[in-house]
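Engineer: Fold the following and give me the result.
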Amino acid sequence: MACGPSLSLLRSVALVWRTLRSMRTALILLLMLAGASVIGSLIPQLPNSPEKVFGYTADHPLAAEIYSRLGFFDVFGAWWFSLIITLLVVSLIACLIPRTRGTVRSVRQKPIQAREIDSFPHYEERNVTLPAGAATTVCRKVLRRKLFRVAASENSLAAEKGSAREIGSLLFHWAFLLIVVGAIYGKGTGYSGRAAVIEGETWTDSLAGYDGSIRTGRFFGGDFSGSQIRLKDFEDTFRASGIPMDFVSRVDLLNPDGSLVRAAEIRVNHPATFAGVRVFQYGFGWAPVVQVRDDGKLLWSGPVAFSQDTAPEGVPQLALPWRGVLKLPSLDPQVGITLELWPDGQAFLQTQLTGQPVVMVVARDPIIRFTTYSGPLTDPSQRRLDTSIMKEQAAGILGQGQVVDLTTGRALETGADPNAGLTISFPDLRKYSVFEVSRDNGVWMVLLAAILVLLGLLPALYTSKRKVWVRLESGEGRTILKVGGFAVQRKSQFSKEFSDLVAALERAAGKVNP
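Structural biologist: Numbering: from 1, shown residues only. Next up is the predicted model:
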């Protein structure tokens, strides 16, 4: 009775191991992995598009609750996805190790002699002129020229070829395992995030540089590269209809100490790679330079990165204004300003007159509409302003080069003292680039695996397993050449191959003229 639980446990472990060693299990796990990837592609994911997830939650609360409990909003970070990956790796290893051992034994083993070669699907006899010993020697040379592995025994030859097909298949499956391991290693130890860099400014690859928009792997140790990107200028090209043609960011790539590595141009689908990170062009935006003074004392001066709301259906995205926020916590009472940039002032006038949105692709007489609020600043975000307990103070329009009084919303007249009261000015308009920065240490493994996959497929396409036996027997003043064989793959093509092989052996051993 004492041995029962132990035996049951051993049997259970053995059953699990046999199940994992099954190719059927590996295929089922692959299908589950593919299904999970489809779910992750169709349903918005929190790490990539949190705003879409929030919108989906608002529109479909019941489905969102179910998806959230199942982990569908973060498929690739869910525990069950990690379990599938782990079981798949274990299953592949369990399948490949015994198969590799068998292949190694098969390659090292010499071809085995057969007893009755006339019972094989392909068999022919020929009379030849050379003695049996000499005919055996020349037939062995013919088989070797045709890339057969040959084992000789007296006047008998056993030959086979096509082992490269099994080796290639094995290499393909090991390469697939390497792809899985490379993806786990690269994603687990790497990171990916977005960074907005304004023209003329320098960005550093550090945790603070991503402003919270970063996703790190489960095994990431916090070792950012510390490399820097200085955006010299950003240029975009559009068609007359507003369809984009090209986005290019001209940057200087810098070492952590600020020394120049090289200058580069980053375009869509043309990233820059340096210091172990890849930098992709993801987006762009406007960043007007804003200055705020209080009785001549400079409170704020610098560019502010603006963003857009999602365009409603039927409205071009570039027809919407750009929005930003400026907070002045040092004032008493505190002041917050909402800013609305129209890069094309003429498009703003046309929109106001006709009510039809106009696409803005160039800066032309830009203006900023602003609203000033006074009261406690309760929202710590630099991109949002909570005005629920604040008091609206003034509103107005600010043109480039103008100075406007924030308390009245009126532009200062010519000759007025620019150092009187709380004022805002708009001296310059810049652009910013949004870069997708990622580090994946497993890229080289995936690349190597892809090369091995191709190398493994070639033998499967151009080789087949063939086995041939040759026997030379001395008769009444003559030598009889007996040849038998069969094909493991592509059996329909073997008939002609076998006939050509027999003819070559007959010629080498001395063909008897009629």
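Engineer: Bridging across strands, which residues link to the residue lying closest to residue 304 once chain neighbours are set aside?
Structural biologist: In this structure, residue 304 finds its nearest non-sequential neighbour in residue 324, 4.7 Å apart by Cβ to Cβ, 6 or more residues apart in numbering. Any C-beta I mention is one placed from the backbone N, CA and C, and that applies to glycine too. Beta-bridge pairing of residue 324 under DSSP bridges involves residue 339.
Engineer: and residue 324, what pLDDT?
Structural biologist: pLDDT for residue 324: 93.
Engineer: now residue 242
Structural biologist: Looking at residue 242, the pLDDT reads 69.
Engineer: go on, the one 3 residues further on?
Structural biologist: Looking at residue 245, its pLDDT stands at 82.
Engineer: Would you mind listing the residues in contact with the nearest residue to it once chain neighbours are set aside?
Structural biologist: Nearest residue to residue 245, sequence neighbours excluded (Cβ to Cβ, 6+ apart): residue 237, at 4.3 Å. Taking Cβ atoms under 8 Å, 6 or more residues apart in numbering as the criterion, residue 237 is in contact with 244, 245, 246, 247.
Engineer: Filter those down to the ones in helices?
Structural biologist: Among these, no member falls in helices (DSSP state H).
Engineer: Need those residues in TSV (columns: neighbour count).
Structural biologist: Listed next are the contacts of residue 237 as TSV, based on neighbours: other Cβ atoms under 10 Å:
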residue	neighbour count
244	13
245	8
246	11
247	18
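Engineer: Of the residues you listed, just say which sits nearest to residue 500.
Structural biologist: Using Cβ to Cβ, residue 246 comes nearest to residue 500 of the contacts of residue 237, at 58.7 Å.
Engineer: Identify the residues contacting that closest one.
Structural biologist: Here residue 246 is in contact with 235, 236, 237, 267, 268 (criterion: Cβ under 8 Å, 6+ apart).
Engineer: how about the CA coordinates for the host helix or strand of residue 35, as CSV?
Structural biologist: According to DSSP states H and E, residue 35 maps onto helix 23-42. Extracted in CSV, the C-alpha atoms of helix 23-42 (Å, rounded to 0.1, in the frame of the first residue of the first chain):
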residue,chain,number,x,y,z
MET,A,23,4.1,15.8,-32.3
ARG,A,24,0.4,16.1,-32.0
THR,A,25,0.8,18.0,-28.7
ALA,A,26,3.3,20.4,-30.3
LEU,A,27,0.8,21.0,-33.2
ILE,A,28,-2.0,21.7,-30.8
LEU,A,29,0.1,24.1,-28.8
LEU,A,30,1.1,25.8,-32.1
LEU,A,31,-2.5,26.2,-33.0
MET,A,32,-3.3,27.6,-29.5
LEU,A,33,-0.4,30.1,-29.9
ALA,A,34,-1.7,31.2,-33.3
GLY,A,35,-5.2,31.6,-31.9
ALA,A,36,-3.9,33.8,-29.0
SER,A,37,-1.9,35.9,-31.5
VAL,A,38,-5.1,36.4,-33.6
ILE,A,39,-6.9,37.6,-30.4
GLY,A,40,-4.1,40.0,-29.6
SER,A,41,-4.3,41.4,-33.1
LEU,A,42,-8.1,41.8,-33.2
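Engineer: sec struct for residue 84, please.
Structural biologist: Three-state assignment for residue 84 (DSSP: H, G, I helix; E, B strand; the rest coil): helix.
Engineer: What's the local residue count around it?
Structural biologist: A count of nearby residues for residue 84, using other Cβ atoms under 10 Å, gives 18.
Engineer: That one reaches residue 30, doesn't it?
Structural biologist: No. Between residue 84 and residue 30 there is no contact under Cβ atoms under 8 Å: 9.3 Å.
Engineer: before we move on, back to that, packing partners for the helix or strand that the helix holding residue 35 is followed by?
Structural biologist: Helices and strands here follow DSSP H and E; after helix 23-42, the next one along the chain is helix 50-59. Using 3 or more Cβ pairs under 8 Å, 6 or more residues apart in numbering; DSSP states H and E, the elements in contact with helix 50-59 are helix 61-70.
Engineer: For the helix it packs on, give the mean pLDDT please.
Structural biologist: Regarding helix 61-70, the rounded mean pLDDT is 89.
Engineer: for stretch 199-213, same thing?
Structural biologist: Computed over stretch 199-213, the mean pLDDT rounds to 87.
Engineer: now it, how far from the chain's geometric center?
Structural biologist: How far stretch 199-213 lies from its chain's middle: 22 Å, per Cα atoms, centre = their mean, to the nearest Å.
Engineer: just stretch 436-451 next, same as before
Structural biologist: Put simply, stretch 436-451 sits 8 Å off its chain's centre (Cα atoms, centre = their mean).
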